[in-house]
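Novice: The sequence isn't on hand, but the structure is:
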């Protein structure tokens, strides 16, 4: 105890309750778990976006010696993902649900099997559809190379926006009610969408308004994919445990 405790007890203690209230321990644990949970969400989101972007750039550069995302677009992508969307994913407050979960052990991996399952599914989907647009988009929609590049860029951004909407909770079921009632979260997402629309309309070229529907439709498909993937069982032991066994 910080007030009634002796100096000897304070010096030999690992944790000191400064207000002598045991309820403060619960608040500290809830905040700690919330920070851990929010960090997991952010890492899962960033890994999904970066793995997909890396695979797309590598595949296109290896086949056509070009990159789908220019330097300016890459900077804009990082501004969207590392500021607005990252802020939206890290502002959750402690909930009762977090306290009902078992604590994470010291040796438990930070990236869980559930995170890997969703990460791989979303990254593979984004990579597949964007590569199709890269190599078949001009013929499919009758556009030139410049418009097709804007289509790929806009689709990739909206894929990350829809993906951030699914990051609400790292759990098996999706509760859209949490998203709709979180005004700050939805406000940040709205700002990101508006900035993206302004960027595309004023700095790029979209000759057909229907292309916006294509971008949104492709990005929205990530939601049903996320629901289906949640039904796929994952092993209890961390995937890194099996890799370690093979290495030994």
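Specialist: Sure, I can see it. If you're wondering where the values come from, they're calculated on a predicted model, not measured in any experiment.
Novice: The residue positioned nearest the centre of the chain and residue 115: what is the separation?
Specialist: Nearest residue to the geometric centre of the chain (C-alpha atoms, centre = their mean): residue 45, 1.8 Å. Residue 45 sits 10 Å away from residue 115, taking C-beta to C-beta, to the nearest Å as the criterion. Every C-beta, even on glycine, is put in place using the N, C-alpha and C of the backbone.
Novice: which ones are touching residue 76?
Specialist: Residue 76 sits next to residue 199 when contact means C-beta atoms under 8 Å, 6 or more residues apart in numbering.
Novice: does the closest residue in space to residue 122 that isn't next to it in sequence sit in a helix, a strand or a coil?
Specialist: Among residues not flanking residue 122 along the chain, residue 48 sits closest, at 4.9 Å (C-beta to C-beta, 6 or more residues apart in numbering). Following DSSP: H, G, I helix; E, B strand; the rest coil, the label given to residue 48 is helix.
Novice: swap in residue 109?
Specialist: Secondary structure, three-state DSSP: residue 109 is coil.
Novice: per-residue confidence for it?
Specialist: At residue 109, the pLDDT value in this model is 82.
Novice: Then residue 55?
Specialist: 89.
Novice: which helices and strands sit right next to whichever strand or helix holds it?
Specialist: Using DSSP states H and E, the element containing residue 55 is helix 23-64. Helices and strands touching helix 23-64, by 3 or more C-beta pairs under 8 Å, 6 or more residues apart in numbering; DSSP states H and E, are helix 86-89, helix 96-100, helix 113-141, helix 145-165.
Novice: tell me the angle of that helix relative to helix 113-141?
Specialist: Here helix 23-64 runs at an angle of 40 degrees relative to helix 113-141 (axes from the mean of the first three to the mean of the last three C-alpha atoms, to 10 degrees).
Novice: How far does stretch 210-222 sit from its chain's centre?
Specialist: Distance of stretch 210-222 from its chain centroid, counting by C-alpha atoms, centre = their mean, to the nearest Å, is 19 Å.
Novice: average model confidence for that stretch?
Specialist: The average pLDDT within stretch 210-222 is 91.
Novice: which residues are contacting that stretch?
Specialist: 122, 125-126, 129, 141, 143, 147, 151, 154-155, 158-159, 161-163, 166, 206.
Novice: buried set for that stretch?
Specialist: Under the neighbour-count criterion of 16 or more other C-beta atoms under 10 Å, stretch 210-222 has 211-212, 214-216, 218-219, 222 buried.
Novice: Surely residue 47 touches residue 119?
Specialist: Yes. With contact defined as C-beta atoms under 8 Å, residue 47 and residue 119 form a contacting pair (5.4 Å).
Novice: more neighbours, these two?
Specialist: residue 119 (21 against 18; other C-beta atoms under 10 Å).
Novice: moving C-terminal of the one helix or strand in the chain whose mean pLDDT sits lowest, what's the next helix or strand?
Specialist: For the chain, counting by mean pLDDT, DSSP states H and E, helix 176-181 ranks last in confidence among helices and strands (a mean of 47). Next along the chain after helix 176-181, taking DSSP H and E as the criterion, comes helix 183-203.
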